[in-house]
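Student: need the 3D shape of this:
(one chain, ligands or ions: 2)
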Amino acid sequence: MKIFSKEQIYKGDKLTAKKQNITSTELMERAGTQIFNWIHQRMQGAQVPIHVFCGIGNNGGDGLVLARQLINYGYNVHTYVVNCSDKRTQDFLVNYERIKQTTKKWPIMLNCKADFPPIGPDDIIVDAVFGIGLNRPPNEWVKSLFQHFRASNAFTLAIDLPSGLYADKVPEDEDGVVWANYTLSFQSPKLVFFLPDTSKYTRQWEALDIGIDLEFLQQTDTEVELIGKNEMLPIYKPREKFSNKGTYGHGLLIGGSYGKIGAMILSGRATLASGAGLVTTFIPKCGYIPMQSVVPEAMVITDVDDEKLTAIKFEIAPTAIGIGMGMGQDEKTQTTFQKFLKSNSVPLVIDADGINLLSKHKDDLKLLKPQTVLTPHPKELERLLGKWKNDFDKLKKAKAFSKKYKCIIVIKGAHTITVFEDKLYVNSTGNPGLATGGTGDVLTGIITGLICQGYEPLTASLFGVYLHGKSADIAVEDYGYQSLTASHVVDYVAQAFLDLFAMPPAQPPAENEEENL
Ligand SMILES: NC(=O)C1=CN([C@@H]2O[C@H](COP(=O)(O)OP(=O)(O)OC[C@H]3O[C@@H](n4cnc5c(N)ncnc54)[C@H](O)[C@@H]3O)[C@@H](O)[C@H]2O)[C@H](O)CC1
Ligand SMILES: [K+]
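Tutor: Numbering: from 1, shown residues only. Ligands and ions are numbered 1, 2, ... in the order given. Predicted coordinates for the structure are as follows:
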């Protein structure tokens with residue numbers, strides 16, 4: 001799913017109105033109606049007090065359309081206009097007049113000194129104060145209003161964006177933002193729904209279709225894409241009947257050190273689970289017995305050293321290599337890692353201590369071949385890129401790094417974001433159960449396994465991150481967040497593959513209208 005920028009959204013609005021020969025007011029009516037449908041479907045006429053707070057721009061206009069329709073359907077609506085902005089948009093004014101013709105309960109104008117209306121904890125707040133047009137921090141009175149919303153503990157539904165949240169940067173002050181329980185965005189989500197600094201304001205979200213011009217949606221190239229099942233299905237490589245293990249490549253995993261052989265066991269199992277034909281692990285001698293015992297499918301080559309990697313060399317011809325898991329940062333390991341980078345030309349995934357060694361010896365970055373995949377968690381990324389001011393600054397630095405070294409950076413986290421040159425791919429699967437040791441080793445194994453089967457490194461990264469998160473989403477049904485382990489994630493990769501083709505559950509037959517009368 002494409003994530004459009006603020007500028008692209010405005011452009012899409014104008015183009016849609018022109019191509020569909022409708023006014024922006026009619027587009028606003030569509031937007032407000034879609035919000036109404038979402039609420040009506042869930043409330044079914046319940047008389048819970050609904051407080052609709054409207055700004056004086058088009059976000060406010062959406063709120064007025066919604067309020068009018070709620071009133072027409074007999075809901076218990078209180079409408080307020082937060083009259084603190086400079087100019088009222090034409091579409092706001094049109095809807096302000098319309099709602100006054102609908103009800104005697106005209107919207108209450110709140111100037112920037114008014115007392116706040118009382119809001120009960122079981123009431124509903126609709127936040128239609130600011131949308132993507134926010135261009136400066138809200139003033140103190142508006143900030144206090146947003147804090148009043150929060151203090152009420154009422155369910156807060158944000159229209160398009162939680163007010164006070166910019167579409168393209170981190171807010172200056174978290175008290176100046178509405179903390180929504182649910183955000184209804186038009187046509188597509190916003191990047192700020194997925195970033196650690198800003199996703200807390202949106203929490204759950206849904207994108208409502210308002211009929212933006214299809215050609216515009218299809219032909220506009222966006223910087224950001226949300227990656228889900230629909231994006232992954234077309235890239236999945238079905239297996240041919242007449243194939244053999246050689247068809248699906250040979251993954252080589254290099255890493256491990258005394259006490260961290262488990263990382264390599266997890267990676268090895270994950271590489272197999274992702275479909276690699278053959279897997280070999282290169283580990284210190286201390287890992288030989290456990291690896292052969294726990295992962296009999298994996299072949300083993302051992303380093304001359306008992307406890308760490310000191311001399312990486314192998315006769316096999318792998319089709320993909322994953323390196324760094326549990327590898328440690330001993331200077332002998334660093335030396336052999338550097339030598340390996342100099343001589344290697346096989347598609348490569350670098351994880352964990354491999355990344356840390358690169359951070360410690362930044363000269364070695366020039367040894368990275370194009371299309372190398374790096375899979376840092378935020379701390380490892382900071383060692384590589386240096387400190388960042390916020391998530392937007394982090395992504396800017398990551399894009400610059402990716403362009404400089406032509407590498408793919410998988411920034412692991414709650415929404416893993418894969419960066420390649422100027423594109424950002426936001427993953428839609430995964431859950432807090434993944435915050436447990438070893439899940440990174442599993443991800444590296446999966447990505448390595450996909451590359452060795454012939455997926456391009458970027459595709460393998462997106463698909464691997466998707467499958468990894470999906471495995472955890474399925475496994476967490478059985479294990480819960482606390483008890484989910486990295487081994488479970490490996491065990492459920494199979495289910496993540498099968499889920500790609502699972503038919504959606506049949507909708508229960510709509511009850512016959514007559515029976516309800
Ligand atoms: N395709 C779509 O997504 C559609 C979106 N719609 C809605 O339109 C808004 C954007 O409307 P816009 O008038 O451009 O801006 P806002 O309503 O978000 O902002 C209101 C207004 O407020 C002024 N302003 C900005 N910052 C501040 C501030 N800190 N304090 C006071 N005033 C401020 C600024 O002048 C803005 O104009 C979008 O979010 C959707 O809700 C369309 O309705 C339909 C299609
Ligand atoms: K809003």
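
Student: get me the contact residues on the stretch 1-150 of the chain for ligand 1.
Tutor: Contact residues (C-beta under 6 Å from any ligand atom) of the stretch 1-150 of the chain with ligand 1: 9, 12-13, 27-28, 31, 55, 57-62, 84-87, 89, 130-138. In this view, the C-beta of every residue, glycine as well, is placed from N, C-alpha and C.

Student: helices of the stretch 1-150 of the chain, start to end?
Tutor: Using DSSP state H, counting those that start in this stretch, the helices of the stretch 1-150 of the chain run over 6-19, 24-43, 58-72, 90-102, 140-152.

Student: deepest-packed of those helices, please.
Tutor: Stretch with highest mean neighbour count among the helices of the stretch 1-150 of the chain: helix 58-72 (a mean of 26; mean count of other C-beta atoms under 10 Å).

Student: by mean pLDDT, which helix or strand of the protein comes out lowest?
Tutor: Within the chain, no helix or strand scores below helix 513-516, which has a mean of 52 by mean pLDDT, DSSP states H and E.

Student: who in this protein is up against ligand 2?
Tutor: Residues of the chain lying near ligand 2 by C-beta under 5 Å from the ion: 127, 158-159, 163.

Student: can you tell me how far the residue nearest to Pro121 when sequence neighbours are not counted sits from Ala67?
Tutor: Leaving out its chain neighbours, the residue that sits closest to Pro121 by C-beta to C-beta, 6 or more residues apart in numbering is Asn153, at 4.4 Å. Going from Asn153 to Ala67 by C-beta to C-beta, to the nearest Å gives 22 Å.

Student: could you do Glu231 as well?
Tutor: Taken as C-beta to C-beta, the span from Glu231 to Ala67 is 37 Å.

Student: go on, Lys399?
Tutor: Counting by C-beta to C-beta - Lys399 and Ala67 are separated by 42 Å.

Student: hang on, the earlier thing: just put the helices of the stretch 1-150 of the chain in CSV and tack on mean pLDDT.
Tutor: Shown next, in CSV, are the helices of the stretch 1-150 of the chain (pLDDT from 0 to 100):
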stretch, mean pLDDT
helix 6-19, 96
helix 24-43, 97
helix 58-72, 97
helix 90-102, 90
helix 140-152, 97
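
Student: relative to Thr271, which of the ones you listed is closest?
Tutor: Among those, helix 6-19 comes nearest to Thr271, with 39.1 Å by C-beta to C-beta.

Student: what does that closest one contact?
Tutor: Outside helix 6-19, the residues that touch it by C-beta atoms under 8 Å, 6 or more residues apart in numbering are 4, 22-24, 26-27, 132, 167-168, 186-187, 211-213, 215-217, 220, 222.

Student: and these, which are buried?
Tutor: By neighbour count, with 16 or more other C-beta atoms under 10 Å, these hold 4, 24, 27, 132, 167, 186-187, 212-213, 216-217, 220, 222 as buried.

Student: what residues does the protein put near ligand 1?
Tutor: 9, 12-13, 27-28, 31, 55, 57-62, 84-87, 89, 130-138, 159-160, 186-187, 212.

Student: switch to 5 Å and redo it
Tutor: Of all the residues in the chain, those in contact range of ligand 1 (C-beta under 5 Å from any ligand atom) are 9, 13, 27-28, 31, 55, 57-59, 62, 85, 89, 130-136, 138, 160, 186.

Student: how about the helices in the stretch 201-350 of the chain?
Tutor: Using DSSP H, counting those that start in this stretch, helices in the stretch 201-350 of the chain cover 214-219, 229-232, 261-273, 288-294, 331-343.

Student: can you put these in TSV and add mean pLDDT?
Tutor: Output for the helices of the stretch 201-350 of the chain, formatted as TSV (pLDDT from 0 to 100):
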stretch	mean pLDDT
helix 214-219	97
helix 229-232	96
helix 261-273	98
helix 288-294	98
helix 331-343	98
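
Student: pLDDT score assigned to Ala510?
Tutor: Model confidence at Ala510, given as pLDDT, is 64.

Student: kindly apply the preceding question to Leu517 instead.
Tutor: The per-residue pLDDT of Leu517 was computed as 41.

Student: relative to Gly413, which of the helices of the stretch 1-150 of the chain is closest?
Tutor: Taking C-beta to C-beta, helix 6-19 is the member of the helices of the stretch 1-150 of the chain nearest to Gly413, at 23.8 Å.

Student: between that closest one and helix 58-72, what angle do the directions make?
Tutor: Angle of helix 6-19 versus helix 58-72, following axes from the mean of the first three to the mean of the last three C-alpha atoms, to 10 degrees, is 60 degrees.
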